[in-house]
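**Student:** What shape does this take:
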Amino acid sequence: MKLEFETLPDWLSYLEQLHPKTIELGLERVEKVKREMQLEPGFPIITVSGTNGKGSTCAMLEAILSDAGFRVGCYTSPHLLRYNERVRVGREDASDAELCNAFAAVEQARNKISLTYFEFGTLAAVRHFVQQEVDVAILEVGLGGRLDAVNVFDSDCAIISSIDMDHMDYLGDTREAIGLEKAGIVRAGKPVICAEPDLPVVVEKFIGTIGARLYQIGRDFGFTQLDTQWRFDGPRGSRHALPYPVLRGKFQLANASACLTALDELKSQLPVTVNNIRNGLLDTRLSGRFQVRPGRPVVVLDVAHNPHAAKALAVNLQNMPCTGKTIAVFAMLGDKDIVGVINEVKAQVNTWLLADIKEMRGATAQHLLQVIRKEIGDVVAEEYESVGIAYRRACILASENDRIIIFGSFHTVADALRELHLT
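**Tutor:** Prediction:
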(Lines give C-alpha, C1' and ligand atoms only; values in the text may rest on other atoms or scores of the structure.)
Protein backbone atom coordinates (compact mmCIF):
# COMPACT_ATOMS: atom_id res chain seq x y z
CA MET A 1 0.00 0.00 0.00
CA LYS A 2 1.36 3.39 -0.99
CA LEU A 3 1.14 5.92 1.81
CA GLU A 4 1.02 9.64 1.24
CA PHE A 5 0.98 12.23 4.00
CA GLU A 6 0.19 15.85 3.33
CA THR A 7 2.16 17.45 6.15
CA LEU A 8 5.69 17.12 7.51
CA PRO A 9 4.48 16.45 11.10
CA ASP A 10 2.41 13.53 9.76
CA TRP A 11 5.44 12.09 7.99
CA LEU A 12 7.68 12.48 11.05
CA SER A 13 5.08 10.83 13.29
CA TYR A 14 4.94 7.95 10.81
CA LEU A 15 8.74 7.59 10.74
CA GLU A 16 8.90 7.44 14.53
CA GLN A 17 6.56 4.43 14.56
CA LEU A 18 7.94 2.65 11.51
CA HIS A 19 10.73 0.62 13.10
CA PRO A 20 10.66 -1.29 16.41
CA LYS A 21 14.03 0.16 17.47
CA THR A 22 15.03 3.82 17.56
CA ILE A 23 18.61 2.82 16.72
CA GLU A 24 19.62 -0.31 14.80
CA LEU A 25 23.11 -0.14 13.38
CA GLY A 26 23.68 -1.96 10.09
CA LEU A 27 23.77 -1.15 6.39
CA GLU A 28 21.98 -4.05 4.68
CA ARG A 29 18.44 -2.66 4.87
CA VAL A 30 19.49 0.86 3.89
CA GLU A 31 21.59 -0.47 1.00
CA LYS A 32 18.60 -2.36 -0.38
CA VAL A 33 16.38 0.71 -0.39
CA LYS A 34 19.19 2.86 -1.81
CA ARG A 35 19.55 0.40 -4.72
CA GLU A 36 15.80 0.36 -5.27
CA MET A 37 15.87 4.18 -5.43
CA GLN A 38 18.84 4.06 -7.83
CA LEU A 39 20.41 6.64 -5.56
CA GLU A 40 23.95 7.04 -6.88
CA PRO A 41 25.06 10.66 -6.38
CA GLY A 42 27.36 12.11 -9.00
CA PHE A 43 28.67 14.89 -6.76
CA PRO A 44 31.61 14.79 -4.31
CA ILE A 45 30.73 13.73 -0.76
CA ILE A 46 32.51 14.78 2.44
CA THR A 47 31.56 12.57 5.39
CA VAL A 48 32.18 13.77 8.96
CA SER A 49 32.30 11.53 12.04
CA GLY A 50 33.49 12.17 15.59
CA THR A 51 32.36 12.25 19.21
CA ASN A 52 32.19 16.06 19.26
CA GLY A 53 32.86 18.78 16.72
CA LYS A 54 30.97 17.21 13.81
CA GLY A 55 28.38 19.97 13.57
CA SER A 56 30.96 22.76 13.74
CA THR A 57 33.10 21.08 11.08
CA CYS A 58 30.12 20.65 8.75
CA ALA A 59 29.03 24.26 9.28
CA MET A 60 32.49 25.66 8.48
CA LEU A 61 32.81 23.52 5.35
CA GLU A 62 29.34 24.61 4.26
CA ALA A 63 30.16 28.30 4.75
CA ILE A 64 33.52 28.20 2.93
CA LEU A 65 32.27 26.17 -0.04
CA SER A 66 29.16 28.33 -0.34
CA ASP A 67 31.29 31.48 -0.40
CA ALA A 68 33.25 29.89 -3.26
CA GLY A 69 30.03 29.70 -5.26
CA PHE A 70 29.26 26.01 -4.88
CA ARG A 71 25.72 24.76 -4.36
CA VAL A 72 26.19 22.85 -1.11
CA GLY A 73 23.94 20.17 0.35
CA CYS A 74 24.43 19.69 4.09
CA TYR A 75 22.86 16.91 6.18
CA THR A 76 23.28 17.14 9.97
CA SER A 77 21.58 15.88 13.11
CA PRO A 78 19.97 16.21 15.52
CA HIS A 79 17.95 19.38 14.93
CA LEU A 80 17.30 21.99 17.60
CA LEU A 81 13.88 23.40 16.72
CA ARG A 82 12.66 22.08 13.35
CA TYR A 83 13.43 18.89 11.42
CA ASN A 84 14.05 21.06 8.33
CA GLU A 85 17.36 22.22 9.90
CA ARG A 86 18.82 18.79 9.15
CA VAL A 87 18.62 19.16 5.37
CA ARG A 88 20.00 22.31 3.76
CA VAL A 89 20.77 23.35 0.20
CA GLY A 90 22.43 26.67 -0.50
CA ARG A 91 22.44 27.32 3.28
CA GLU A 92 18.63 27.27 3.32
CA ASP A 93 16.58 24.68 5.20
CA ALA A 94 14.54 22.33 3.02
CA SER A 95 10.87 23.27 2.92
CA ASP A 96 8.12 21.06 4.32
CA ALA A 97 6.96 20.27 0.78
CA GLU A 98 10.47 19.30 -0.36
CA LEU A 99 10.92 16.98 2.61
CA CYS A 100 7.49 15.42 2.07
CA ASN A 101 8.40 14.71 -1.56
CA ALA A 102 11.70 13.13 -0.53
CA PHE A 103 10.03 11.00 2.15
CA ALA A 104 7.42 9.85 -0.38
CA ALA A 105 10.20 8.71 -2.73
CA VAL A 106 11.81 6.63 0.03
CA GLU A 107 8.46 5.18 1.06
CA GLN A 108 7.67 4.15 -2.51
CA ALA A 109 11.03 2.39 -2.87
CA ARG A 110 11.32 0.62 0.46
CA ASN A 111 8.48 -1.87 -0.13
CA LYS A 112 8.31 -3.79 3.17
CA ILE A 113 11.89 -3.11 4.26
CA SER A 114 11.90 -1.59 7.74
CA LEU A 115 13.93 1.60 8.25
CA THR A 116 14.69 3.60 11.37
CA TYR A 117 13.82 7.30 11.62
CA PHE A 118 17.45 8.25 10.90
CA GLU A 119 17.88 5.78 8.03
CA PHE A 120 14.71 7.01 6.34
CA GLY A 121 15.81 10.62 6.82
CA THR A 122 19.30 9.97 5.44
CA LEU A 123 18.01 8.48 2.20
CA ALA A 124 15.48 11.31 1.88
CA ALA A 125 18.20 13.95 2.39
CA VAL A 126 20.51 12.55 -0.27
CA ARG A 127 17.59 12.11 -2.67
CA HIS A 128 16.76 15.79 -2.11
CA PHE A 129 20.38 16.75 -2.85
CA VAL A 130 20.24 14.80 -6.12
CA GLN A 131 16.97 16.50 -7.08
CA GLN A 132 18.47 19.90 -6.24
CA GLU A 133 21.59 19.17 -8.32
CA VAL A 134 24.06 20.18 -5.61
CA ASP A 135 27.76 20.51 -6.41
CA VAL A 136 28.87 18.82 -3.18
CA ALA A 137 27.26 17.13 -0.18
CA ILE A 138 28.44 17.25 3.43
CA LEU A 139 27.07 14.31 5.43
CA GLU A 140 27.29 14.18 9.22
CA VAL A 141 27.32 10.70 10.73
CA GLY A 142 24.51 10.10 13.21
CA LEU A 143 26.14 7.46 15.42
CA GLY A 144 29.57 5.88 15.06
CA GLY A 145 30.34 5.60 11.38
CA ARG A 146 30.98 2.06 10.19
CA LEU A 147 27.35 0.93 10.47
CA ASP A 148 25.70 4.36 10.24
CA ALA A 149 23.21 4.96 7.42
CA VAL A 150 25.38 7.78 6.02
CA ASN A 151 28.07 5.19 5.26
CA VAL A 152 26.09 3.63 2.40
CA PHE A 153 27.38 6.58 0.37
CA ASP A 154 31.08 6.48 -0.53
CA SER A 155 32.88 9.62 0.56
CA ASP A 156 35.52 11.45 -1.45
CA CYS A 157 36.99 12.69 1.83
CA ALA A 158 36.39 11.60 5.42
CA ILE A 159 36.90 13.79 8.49
CA ILE A 160 37.15 12.44 12.05
CA SER A 161 36.69 15.43 14.36
CA SER A 162 37.37 13.73 17.72
CA ILE A 163 37.31 10.37 19.49
CA ASP A 164 36.06 10.02 23.05
CA MET A 165 33.61 8.15 25.25
CA ASP A 166 29.93 8.39 24.25
CA HIS A 167 27.22 5.98 23.06
CA MET A 168 29.18 3.11 24.65
CA ASP A 169 26.15 0.78 24.49
CA TYR A 170 26.43 0.84 20.70
CA LEU A 171 30.07 1.66 19.91
CA GLY A 172 32.11 -0.06 22.63
CA ASP A 173 33.56 0.99 25.96
CA THR A 174 37.12 1.93 24.94
CA ARG A 175 38.52 4.76 22.82
CA GLU A 176 40.03 2.11 20.56
CA ALA A 177 36.68 0.44 19.87
CA ILE A 178 34.90 3.77 19.40
CA GLY A 179 37.69 5.03 17.13
CA LEU A 180 37.42 1.97 14.89
CA GLU A 181 33.68 2.56 14.50
CA LYS A 182 34.26 6.20 13.55
CA ALA A 183 37.03 5.26 11.12
CA GLY A 184 34.60 2.97 9.29
CA ILE A 185 33.74 5.87 6.96
CA VAL A 186 37.18 5.88 5.28
CA ARG A 187 37.66 4.61 1.72
CA ALA A 188 40.66 3.14 -0.07
CA GLY A 189 42.72 5.73 -1.90
CA LYS A 190 40.75 8.61 -0.41
CA PRO A 191 41.94 11.18 2.17
CA VAL A 192 40.91 10.93 5.82
CA ILE A 193 41.52 14.02 7.94
CA CYS A 194 41.83 13.44 11.69
CA ALA A 195 41.47 16.39 14.08
CA GLU A 196 41.87 14.06 17.09
CA PRO A 197 45.43 14.57 18.38
CA ASP A 198 45.47 11.32 20.36
CA LEU A 199 44.59 8.84 17.62
CA PRO A 200 44.64 5.26 18.95
CA VAL A 201 47.34 3.17 17.29
CA VAL A 202 44.85 0.48 16.31
CA VAL A 203 42.78 3.07 14.43
CA GLU A 204 45.83 4.36 12.54
CA LYS A 205 46.71 0.79 11.58
CA PHE A 206 43.14 0.14 10.41
CA ILE A 207 43.20 3.23 8.19
CA GLY A 208 46.51 2.03 6.73
CA THR A 209 45.07 -1.42 6.07
CA ILE A 210 42.14 0.09 4.19
CA GLY A 211 44.57 2.07 2.05
CA ALA A 212 43.21 5.54 2.86
CA ARG A 213 45.53 8.55 3.04
CA LEU A 214 45.68 9.70 6.66
CA TYR A 215 46.38 13.33 7.60
CA GLN A 216 46.81 13.71 11.35
CA ILE A 217 46.63 16.98 13.29
CA GLY A 218 49.92 17.78 14.99
CA ARG A 219 51.82 15.63 12.51
CA ASP A 220 50.61 16.49 9.00
CA PHE A 221 48.73 19.72 9.65
CA GLY A 222 48.20 22.22 12.45
CA PHE A 223 47.70 25.83 13.41
CA THR A 224 49.48 28.68 15.17
CA GLN A 225 47.54 31.18 17.27
CA LEU A 226 48.53 34.83 17.02
CA ASP A 227 47.05 37.88 18.76
CA THR A 228 44.29 38.78 16.32
CA GLN A 229 44.63 36.07 13.69
CA TRP A 230 45.92 32.55 13.13
CA ARG A 231 47.96 30.59 10.62
CA PHE A 232 47.14 27.21 9.10
CA ASP A 233 49.98 24.88 8.10
CA GLY A 234 49.01 21.90 5.98
CA PRO A 235 50.65 19.26 3.80
CA ARG A 236 50.03 21.40 0.70
CA GLY A 237 51.06 24.76 2.14
CA SER A 238 50.09 27.45 4.62
CA ARG A 239 47.34 30.06 4.93
CA HIS A 240 48.29 33.25 6.74
CA ALA A 241 46.31 36.06 8.41
CA LEU A 242 43.16 34.00 8.92
CA PRO A 243 40.42 35.47 11.13
CA TYR A 244 39.38 33.54 14.21
CA PRO A 245 36.22 31.54 13.48
CA VAL A 246 32.96 33.18 14.48
CA LEU A 247 32.25 29.91 16.32
CA ARG A 248 33.83 30.33 19.74
CA GLY A 249 35.65 27.69 21.70
CA LYS A 250 38.89 25.90 22.35
CA PHE A 251 38.61 23.26 19.64
CA GLN A 252 37.32 25.37 16.75
CA LEU A 253 40.79 26.01 15.31
CA ALA A 254 41.38 22.26 15.19
CA ASN A 255 38.04 21.82 13.43
CA ALA A 256 38.84 24.67 11.03
CA SER A 257 42.27 23.21 10.29
CA ALA A 258 40.69 19.85 9.47
CA CYS A 259 38.32 21.62 7.07
CA LEU A 260 41.19 23.40 5.31
CA THR A 261 43.17 20.17 4.98
CA ALA A 262 40.13 18.47 3.46
CA LEU A 263 39.59 21.33 1.02
CA ASP A 264 43.26 21.21 0.00
CA GLU A 265 42.83 17.52 -0.81
CA LEU A 266 39.69 18.22 -2.85
CA LYS A 267 40.96 21.35 -4.61
CA SER A 268 40.81 19.81 -8.10
CA GLN A 269 37.06 19.25 -7.64
CA LEU A 270 36.23 22.07 -5.23
CA PRO A 271 38.72 24.94 -5.55
CA VAL A 272 38.48 27.68 -2.92
CA THR A 273 40.51 30.85 -2.39
CA VAL A 274 41.94 32.22 0.83
CA ASN A 275 39.26 34.92 0.70
CA ASN A 276 36.57 32.22 0.53
CA ILE A 277 38.16 30.69 3.65
CA ARG A 278 38.25 34.02 5.49
CA ASN A 279 34.66 34.85 4.59
CA GLY A 280 33.45 31.37 5.49
CA LEU A 281 35.10 31.37 8.91
CA LEU A 282 33.39 34.68 9.70
CA ASP A 283 30.00 33.60 8.35
CA THR A 284 29.58 30.15 9.88
CA ARG A 285 26.13 29.64 11.38
CA LEU A 286 25.49 27.11 14.13
CA SER A 287 23.33 27.42 17.21
CA GLY A 288 24.17 25.96 20.60
CA ARG A 289 27.94 25.60 20.33
CA PHE A 290 29.27 27.96 23.00
CA GLN A 291 26.72 30.41 21.64
CA VAL A 292 27.02 33.69 23.53
CA ARG A 293 24.00 35.97 23.75
CA PRO A 294 25.36 39.42 24.61
CA GLY A 295 23.77 41.51 27.31
CA ARG A 296 23.74 41.78 31.07
CA PRO A 297 23.89 39.13 32.27
CA VAL A 298 25.60 37.25 29.45
CA VAL A 299 23.82 34.03 28.43
CA VAL A 300 25.80 31.08 27.01
CA LEU A 301 24.12 28.12 25.32
CA ASP A 302 25.97 24.86 24.70
CA VAL A 303 24.73 21.40 23.68
CA ALA A 304 27.60 19.70 25.58
CA HIS A 305 26.24 16.31 26.64
CA ASN A 306 29.30 14.13 27.32
CA PRO A 307 32.46 14.61 29.42
CA HIS A 308 34.65 15.43 26.41
CA ALA A 309 32.36 18.29 25.35
CA ALA A 310 31.85 19.38 28.98
CA LYS A 311 35.61 19.65 29.44
CA ALA A 312 35.81 21.95 26.43
CA LEU A 313 32.91 23.98 27.82
CA ALA A 314 34.71 24.35 31.15
CA VAL A 315 37.88 25.58 29.42
CA ASN A 316 35.86 28.07 27.38
CA LEU A 317 34.14 29.37 30.51
CA GLN A 318 37.49 29.67 32.28
CA ASN A 319 38.87 31.70 29.37
CA MET A 320 35.80 33.96 29.27
CA PRO A 321 36.13 36.92 31.66
CA CYS A 322 33.44 37.07 34.33
CA THR A 323 33.57 39.18 37.50
CA GLY A 324 30.39 37.71 38.98
CA LYS A 325 29.05 34.23 39.60
CA THR A 326 28.07 31.55 37.08
CA ILE A 327 24.52 30.20 37.21
CA ALA A 328 23.95 26.93 35.34
CA VAL A 329 20.60 25.91 33.89
CA PHE A 330 21.23 22.20 33.49
CA ALA A 331 19.21 19.31 32.06
CA MET A 332 20.40 16.03 30.55
CA LEU A 333 19.21 12.76 29.09
CA GLY A 334 19.28 9.92 31.59
CA ASP A 335 21.35 7.56 29.43
CA LYS A 336 24.32 9.95 29.29
CA ASP A 337 27.32 10.19 31.65
CA ILE A 338 25.76 12.74 34.01
CA VAL A 339 28.44 12.28 36.68
CA GLY A 340 31.23 12.79 34.16
CA VAL A 341 29.67 15.96 32.75
CA ILE A 342 29.06 17.49 36.18
CA ASN A 343 32.59 16.75 37.35
CA GLU A 344 34.12 18.45 34.30
CA VAL A 345 32.13 21.67 34.77
CA LYS A 346 31.60 21.91 38.54
CA ALA A 347 34.62 24.15 39.21
CA GLN A 348 33.12 26.82 36.94
CA VAL A 349 29.58 26.83 38.39
CA ASN A 350 28.36 28.59 41.55
CA THR A 351 24.64 27.86 41.34
CA TRP A 352 22.84 24.91 39.72
CA LEU A 353 19.25 25.24 38.48
CA LEU A 354 18.23 21.72 37.51
CA ALA A 355 15.39 21.05 35.10
CA ASP A 356 13.26 18.19 33.84
CA ILE A 357 13.29 17.48 30.09
CA LYS A 358 9.91 16.55 28.63
CA GLU A 359 11.43 13.65 26.73
CA MET A 360 11.16 9.93 27.39
CA ARG A 361 14.93 9.58 28.00
CA GLY A 362 15.20 12.75 30.08
CA ALA A 363 16.74 12.64 33.55
CA THR A 364 14.55 14.20 36.23
CA ALA A 365 15.67 17.30 38.08
CA GLN A 366 15.36 15.26 41.27
CA HIS A 367 17.89 12.73 39.96
CA LEU A 368 20.25 15.49 38.85
CA LEU A 369 20.04 17.01 42.34
CA GLN A 370 20.99 13.67 43.91
CA VAL A 371 24.05 13.47 41.65
CA ILE A 372 25.01 17.07 42.44
CA ARG A 373 24.77 16.40 46.20
CA LYS A 374 26.90 13.27 45.88
CA GLU A 375 29.56 14.74 43.58
CA ILE A 376 29.78 18.33 44.87
CA GLY A 377 28.09 18.35 48.24
CA ASP A 378 27.06 21.69 49.69
CA VAL A 379 26.34 23.91 46.69
CA VAL A 380 23.32 26.02 45.80
CA ALA A 381 21.09 23.74 43.71
CA GLU A 382 17.37 23.92 42.96
CA GLU A 383 14.88 21.76 41.01
CA TYR A 384 12.48 23.01 38.33
CA GLU A 385 9.82 21.45 36.11
CA SER A 386 11.25 22.80 32.86
CA VAL A 387 14.23 24.54 31.31
CA GLY A 388 12.05 27.60 30.73
CA ILE A 389 11.11 27.94 34.40
CA ALA A 390 14.73 27.35 35.45
CA TYR A 391 15.92 30.03 33.03
CA ARG A 392 13.39 32.54 34.34
CA ARG A 393 14.64 31.81 37.87
CA ALA A 394 18.23 32.35 36.68
CA CYS A 395 17.28 35.78 35.34
CA ILE A 396 15.90 36.71 38.77
CA LEU A 397 19.02 35.48 40.59
CA ALA A 398 21.60 36.96 38.21
CA SER A 399 23.12 40.40 38.59
CA GLU A 400 24.55 42.34 35.65
CA ASN A 401 28.05 40.95 36.24
CA ASP A 402 26.94 37.32 36.45
CA ARG A 403 26.55 34.88 33.58
CA ILE A 404 23.99 32.19 32.84
CA ILE A 405 25.15 28.98 31.16
CA ILE A 406 22.48 26.70 29.69
CA PHE A 407 23.75 23.23 28.76
CA GLY A 408 23.40 19.45 28.93
CA SER A 409 21.70 18.35 25.70
CA PHE A 410 20.20 19.48 22.41
CA HIS A 411 16.79 19.38 24.12
CA THR A 412 18.04 21.74 26.85
CA VAL A 413 19.28 24.31 24.36
CA ALA A 414 16.17 23.97 22.17
CA ASP A 415 13.89 24.66 25.15
CA ALA A 416 16.03 27.66 26.09
CA LEU A 417 15.97 29.07 22.56
CA ARG A 418 12.18 28.93 22.63
CA GLU A 419 12.16 30.68 26.00
CA LEU A 420 14.54 33.33 24.67
CA HIS A 421 12.31 33.74 21.60
CA LEU A 422 15.25 33.01 19.33
CA THR A 423 13.18 30.65 17.18
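**Student:** what's the helix or strand for Leu139?
**Tutor:** Assessed by DSSP states H and E, Leu139 sits inside strand 136-140.
**Student:** Please apply the same query to Leu353.
**Tutor:** strand 351-355.
**Student:** low-confidence ranges in the stretch 151-300 of the chain?
**Tutor:** Within the stretch 151-300 of the chain, the segments meeting pLDDT under 70 span 165-173.
**Student:** could you redo the last one with a cut-off of 80?
**Tutor:** Applying pLDDT under 80 to the stretch 151-300 of the chain flags residues 165-173, 249-250.
**Student:** And the strands in the stretch 101-250 of the chain?
**Tutor:** 136-140, 157-160, 191-194, 213-216, 222-225, 230-234, 237-242 (DSSP state E, counting those that start in this stretch).
**Student:** Which one, of the ones you listed, ends up nearest to Glu419?
**Tutor:** strand 136-140 (26.7 Å; CB to CB). For glycine as for every other residue, the C-beta is placed from the backbone atoms N, C-alpha and C.
**Student:** Which neighbouring elements make contact with that closest one?
**Tutor:** For strand 136-140, the elements it packs on are strand 45-49, helix 54-67, strand 72-75, helix 117-131, judged by 3 or more CB pairs under 8 Å, 6 or more residues apart in numbering; DSSP states H and E.
**Student:** what's the most buried one of those?
**Tutor:** Of all those, strand 45-49 has the most neighbours on average by mean count of other CB atoms under 10 Å, namely a mean of 28.
**Student:** That strand pairs with which strands?
**Tutor:** strand 136-140 (parallel), strand 157-160 (parallel) (DSSP bridges).
**Student:** and for that strand, what are the contacting residues?
**Tutor:** 54, 57-58, 61, 136-141, 144-145, 148, 150-151, 153-161, 182-183, 185, 262, 266 (CB atoms under 8 Å, 6 or more residues apart in numbering).
**Student:** Mind splitting this structure into its structural domains?
**Tutor:** Domain assignment for the chain by automatic domain parsing gives 8-282, 291-419.
**Student:** how long is the shortest one from one end to the other?
**Tutor:** Yep, that's domain 291-419 we're talking about. With CA to CA, to the nearest Å as the measure, the first residue of domain 291-419 is 15 Å from its last.
**Student:** Buried members of the contacts of strand 45-49 into PyMOL, please.
**Tutor:** PyMOL command restricting these to the buried ones, with burial defined by 16 or more other CB atoms under 10 Å:
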select buried, resi 54+57+58+61+136+137+138+139+140+141+144+145+148+150+151+153+155+156+157+158+159+160+161+182+183+185+262+266
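**Student:** pLDDT at Ala310, what is it?
**Tutor:** Ala310 is assigned 96 on the pLDDT scale.
**Student:** Please report how far the most centrally placed residue in the chain lies from Phe129.
**Tutor:** When CA atoms, centre = their mean is applied to the chain, the residue found nearest the centroid is Gly55 (3.1 Å). To Phe129, Gly55 is 18 Å away according to CB to CB, to the nearest Å.
**Student:** before we move on, back to that, need the strands paired with strand 45-49 in a markdown table with distance to Glu28, can you?
**Tutor:** As requested, these are exported to a markdown table (distance: least, CB to CB, whole Å):
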| stretch | distance to Glu28 |
| --- | --- |
| strand 136-140 | 19 |
| strand 157-160 | 21 |
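**Student:** closest to Arg296 out of those strands?
**Tutor:** Between the strands paired with strand 45-49, strand 136-140 lies closest to Arg296; by CB to CB that is 35.3 Å.
**Student:** what's the angle from that closest one to helix 117-131?
**Tutor:** 170 degrees (axes from the mean of the first three to the mean of the last three CA atoms, to 10 degrees).
**Student:** Quick one: distance of strand 136-140 to the chain centre.
**Tutor:** 13 Å (CA atoms, centre = their mean, to the nearest Å).
**Student:** again with stretch 242-249
**Tutor:** That offset, for stretch 242-249, works out to 17 Å (CA atoms, centre = their mean).
**Student:** Could you shift the numbering so residue one becomes 52, and keep it that way?
**Tutor:** Yes, from this point I'll number from 52; that puts the last item at stretch 293-300.
**Student:** And that stretch, what's buried?
**Tutor:** Of all the residues in stretch 293-300, those buried under the rule 16+ other CB under 10 Å are 293, 295-300.
**Student:** what does it rub up against?
**Tutor:** Residues outside stretch 293-300 that contact it (CB under 8 Å, 6+ apart): 107, 110-111, 279-283, 303-304, 306-307, 325, 328-329, 332-335, 337, 340-343, 363, 367.
**Student:** one step back: separation between the residue nearest to the centre of the chain and Ala416?
**Tutor:** Gly106 sits at a distance of 27 Å from Ala416 (criterion: CB to CB).
**Student:** Repeat that for Arg197.
**Tutor:** 37 Å.
**Student:** Please say which of those two ends up with more neighbours.
**Tutor:** Ala416 (24 against 18; other CB atoms under 10 Å).
**Student:** where does the stretch 52-201 of the chain dip in pLDDT?
**Tutor:** Using pLDDT under 80, the flagged stretches of the stretch 52-201 of the chain are 52-55, 70-77, 195.
**Student:** In contact with the residue nearest to Glu255 when sequence neighbours are not counted: list those residues for me.
**Tutor:** Using CB to CB, 6 or more residues apart in numbering and skipping residues adjacent in sequence, the residue nearest Glu255 is Leu265, 6.6 Å away. The contact partners of Leu265, by CB under 8 Å, 6+ apart, come to 243, 245, 255, 258-259, 271.
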